[in-house]
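[1] next come a sequence and a model predicted from it.
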Amino acid sequence: MRSQYHLVLQPETMCKVLKLKNNILHVYAICVATIHYNCKFDDGSLVRNKSTFTPNTGRDEYLDSFIDTISKLPINYHNTKQNLSRREKKSLEELKNNPSIILKEADKGGGILRKNNDKSTIRKIKRLVKEYSESFTANEIAYLCDFTPKEANFYGLPKIHKSNTIQTAVKHQNKKYIESPNPSDLKLRPIVAGPESPTQRMSHFLDLILKKLCPLIPSYVRDDIDFLRYIPETVPKNTLLTTFDVTSLYTNIPHDLGTTAIKYWVEINREIVDGRFDTELIITDKPTFAALVKEVQENEVPTSGPQPPDPSTALEETELSGFTCELDEYAQLVKDLRASGLIKDNRQGLLTVHKNSFSGKEFVDWIVKTKELDRSIALEMGQALIDKHFGHNVKSKETFQDADVYYRLLDDDESEALNSGTMSDCEPRPAGEVGEDIRKLILKIYNVFLSKDGRKVNYKGITASSEFEVYKTRTKELQRVQVATASREEKLAFFINIYNALVVHANVVKGPPNGLWQRYKFFNTVKYIIGGHSYSLQDIENGVLRANRKGVGMFTKPFSKSDPRFKIALEKHEPLIHFALVCGAKSCPPIKTYSVEHIYGELKGAAEAFWRVMMVFLLT
């Protein structure tokens, strides 16, 4: 329900909450008043999923009367006139159909709220809970993992003290002035609220663990009432108290400093924190924290600062975290499709034979018959196979049709890509997340087999290593990675890292190219399957990173406008990539890895390092 000020109201939900609070008011009051916040459920859980119980009426006549009044309020809908052009409507429809983006009508001003669908955060939380499953109760695991995250709400809180109409009414003490106020006169504070967001439950859970430490901090103040009680006991008599309008009430504390502070207070108060949870669970960013501890230990501590933790409490350097595969819901459909007999060699015309293919019409017929679904649903399932990169049109078109049009599963392609073969059944992850994993794997290999100057690689050592076997397995995930929705920074870091990794991979498997022709062939034939399509080194450099420009020895651009990879290319080329892409020769830049967060600074640093080496060469 909306008022004329576009404020969202949910009477049923609000009334239920009021009944529940009234029903357990005494328990709630005890929990809040307890300084150590030791309220737990019968099984020892700190949290659990909400009950569906709704108290009956009759407990409180005043509350019942209020709820009865609220339920009878008229609903006043605000119907916004359509003011979008046909082109704008089409663009919004395309955004709406993009599964990686959530579009929601804003509650203030008739605007639109756009939010990325952050499935990767949910997966990370589930992996974390699984890793420390012995520390949680069954109720806590259900609370943290078994819920559907919601997008943020966008609404406005009225600033009644800034309304001219209301100020006039107060001045004249006449309520008639505010019976029909002008909506434009009422100022609103825009609020983005994220209840049931991907991280809300984990944040609430950690808050319950760490709340016990709050009263121990010298600057701790529970609330404004507590502060007002504290002031008379501490300030001298006849002190003039003055209030100020604070410009920035909440200080933006850097993540690393916040982590350091939490680690410090947890370690010196181990007996207060719940014994089930060790510091490794509360502080999950272990390598970063270990570096911070080292920095604190090696530098003099200010007189006003706390003493550094004892070395015995420092976190050990850990190995690369394992990847937990979440089975794609369409993986079973692909297995059923293989067993159906639909996949075969299909002739089209006199000369063309599509090997290991199936027609769109046969697929829809099979779904309707075996799954007992409508043809429209079957068509959507076929399109999902394309969108999830399980298969593709034999002519590279991106739409699935209920017709004699042929399609092929990705691992049935006759591809020479180094990561071809059995495709991954895992739920596709965003490019940034997959690229970060690949980056860490390559970094791990580099640390063992790369020379100190970054210019020589021990390829024989890599071939026989267990790290390389893990890397080859993980590259299968590139086949179905979601690249289309990646940002410019994500594409830059992802494709630079993948390009450099592909050069190393190809040198290990095929050997370094010798001679001009061999090098030309190397950069045009060595490929990875990325997001359902094959990319050579030439395609990545000139097609994606140079915004689809012709390279050396090329007569045409890498991608035509009908090529699905054309949409993946950067809109504007990035000149600094030439200082980051390796070519396997001694004259090429050193092999490094690049991150999404610092990509531009890292590229600039690579360029500066290159020119420093060139200046030394020219001077000598």
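    Yes, it's here.

[2] the residue nearest to residue 345 when sequence neighbours are not counted: what's it in contact with?
    Distances taken as Cβ to Cβ, 6 or more residues apart in numbering place residue 355 nearest to residue 345, at 5.1 Å, with adjacent residues excluded. Every C-beta, even on glycine, is put in place using the N, C-alpha and C of the backbone. Contacts for residue 355 (Cβ atoms under 8 Å, 6 or more residues apart in numbering) come out as 345, 408, 412, 414.

[3] in the helix or strand that contains residue 355, which residues are buried?
    Element membership of residue 355 [criterion: DSSP states H and E] is strand 352-359. Residues of strand 352-359 classed as buried under the neighbour-count rule (16 or more other Cβ atoms under 10 Å) are 354, 357-359.

[4] what mean pLDDT does it get?
    Averaging pLDDT along strand 352-359 gives 91.

[5] next, the angle from the helix or strand that comes right after that strand to strand 352-359.
    For strand 352-359, the following helix or strand on the C-terminal side (DSSP H and E) is helix 360-371. Angle of helix 360-371 versus strand 352-359, following axes from the mean of the first three to the mean of the last three Cα atoms, to 10 degrees, is 30 degrees.

[6] now helix 360-371, how far from the centre of its chain.
    Remark: helix 360-371 is offset 35 Å from the chain centroid, using Cα atoms, centre = their mean, to the nearest Å.

[7] show me what the closest residue in space to residue 408 that isn't next to it in sequence is bridged to.
    The shortest distance from residue 408 to any non-neighbouring residue, by Cβ to Cβ, 6+ apart, is to residue 357 (4.7 Å). Assessed by DSSP bridges, residue 357 has beta-bridge partners residue 344.

[8] residue 357 is in contact with residue 404, isn't it?
    No - with contact defined as Cβ atoms under 8 Å, residue 357 does not reach residue 404; the gap is 11.2 Å.

[9] for the contacts of residue 355, pick the one with the most neighbours.
    Counting by other Cβ atoms under 10 Å, residue 408 has the largest number of neighbours within those, with 19 neighbours.

[10] confidence score at that residue?
    For residue 408, the pLDDT comes out at 92.

[11] let's verify it: helix, strand, or coil?
    With DSSP: H, G, I helix; E, B strand; the rest coil as the basis, residue 408 sits in strand.

[12] how much space between it and residue 445?
    Counting by Cβ to Cβ, to the nearest Å, the gap between residue 408 and residue 445 amounts to 33 Å.

[13] any idea how this protein splits into domains?
    Residue ranges for each domain of the chain read 1-79, 212-245+253-313, 331-412, 431-619, as given by automatic domain parsing.

[14] I'd like the average pLDDT over the shortest one.
    Per-residue pLDDT over domain 1-79 has a mean of 63.

[15] which residues touch the helix or strand hosting residue 517?
    According to DSSP H and E, residue 517 maps onto helix 516-525. Contacting residues not belonging to helix 516-525 are listed as 416, 506, 510, 513, 536-538, 541, 553, 583 [Cβ under 8 Å, 6+ apart].

[16] among those residues, name the buried ones.
    Buried residues within these, counting neighbours by 16+ other Cβ under 10 Å: 506, 513, 536-538, 541, 583.

[17] and those residues, which of them are in helices?
    506, 537-538 (DSSP state H).

[18] would you list every one of the strands in this protein?
    101-105, 112-116, 153-158, 188-193, 344-348, 352-359, 391-393, 406-409, 527-530, 533-536 (DSSP state E).

[19] need the winner for burial among those strands.
    strand 527-530 (a mean of 25; mean count of other Cβ atoms under 10 Å).

[20] can you name the residues in contact with that strand?
    Against strand 527-530 from outside (Cβ under 8 Å, 6+ apart): 410, 415-420, 475, 478-479, 481, 483, 498, 502, 534-537, 539.

[21] that strand: partners in the sheet, and parallel or antiparallel?
    strand 533-536 (antiparallel).

[22] how far out from the middle of the chain is the strand it pairs with?
    Chain-centre distance of strand 533-536: 25 Å, with Cα atoms, centre = their mean.

[23] how close does the residue nearest to residue 408 get to residue 423?
    Distance, residue 357 to residue 423, using Cβ to Cβ: 16 Å.

[24] equivalent analysis for residue 362, please.
    Taking Cβ to Cβ, one finds residue 362 at 21 Å from residue 423.

[25] give the contact list for the residue of the chain most remote from its centre.
    Residue farthest from the centre of the chain, counting by Cα atoms, centre = their mean, is residue 238 at 54.5 Å. Neighbour list for residue 238: empty [criterion: Cβ under 8 Å, 6+ apart].

[26] same question, residue 140
    By Cβ under 8 Å, 6+ apart, the contact set of residue 140 is 45-48, 205.

[27] go again with 6 Å.
    Applying Cβ atoms under 6 Å, 6 or more residues apart in numbering to residue 140 gives the contacts 45, 47.

[28] tell me the pLDDT at residue 528?
    Note for residue 528: predicted pLDDT of 94.

[29] beta partners for it?
    Taking DSSP bridges as the rule, residue 528 bridges to residue 535.

[30] quick one: it and residue 194, what's the gap?
    In this view, residue 528 and residue 194 are 37 Å apart by Cβ to Cβ.

[31] got it, and residue 542?
    With the distance defined as Cβ to Cβ, residue 542 ends up 42 Å from residue 194.

[32] now residue 437
    Taken as Cβ to Cβ, the span from residue 437 to residue 194 is 27 Å.

[33] I figured residue 566 was touching residue 558, is that so?
    No - the criterion here is Cβ atoms under 6 Å, and residue 566 misses it with residue 558 at 8.9 Å.

[34] which one of the two has more residues nearby?
    More crowded of residue 566 and residue 558, by other Cβ under 10 Å: residue 558, with 23 against 15.

[35] who are the contact partners of residue 538?
    Residue 538 makes contact with 523-524, 551, according to Cβ under 6 Å, 6+ apart.

[36] now with 8 Å?
    Going by Cβ under 8 Å, 6+ apart, residue 538 touches 523-524, 551, 554, 558.

[37] those residues, buried ones only, as a PyMOL selection?
    With 16+ other Cβ under 10 Å as the criterion, this PyMOL line picks the buried residues out of these:
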select buried, resi 523+558
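
[38] closest to residue 381 among the contacts of residue 538?
    Relative to residue 381, the closest of the contacts of residue 538 is residue 558; by Cβ to Cβ it sits at 32.4 Å.

[39] tell me, how many residues neighbour the closest residue to that closest one other than its chain neighbours?
    Computed as Cβ to Cβ, 6+ apart, the closest residue to residue 558 that is not its neighbour in sequence is residue 543, at 3.4 Å. For residue 543, the neighbour count with other Cβ under 10 Å is 24.

[40] could you number the chain from 15 rather than 1 from now on?
    Right, with 15 as the first residue, what we last looked at is residue 557.

[41] tell me if I'm right that residue 557 and residue 587 touch.
    No - applying Cβ under 8 Å, one finds residue 557 not in contact with residue 587, separated by 10.7 Å.

[42] shaky segments in the stretch 315-464 of the chain?
    315-338 (pLDDT under 70).

[43] can you give me the helices for it?
    Applying DSSP state H, counting those that start in this stretch to the stretch 315-464 of the chain gives helices spanning 345-353, 374-385, 389-401, 445-463.

[44] so which elements touch the second one?
    In other words, helix 374-385. With contacts taken as 3 or more Cβ pairs under 8 Å, 6 or more residues apart in numbering; DSSP states H and E, helix 374-385 sits against helix 345-353, helix 389-401, strand 420-423.
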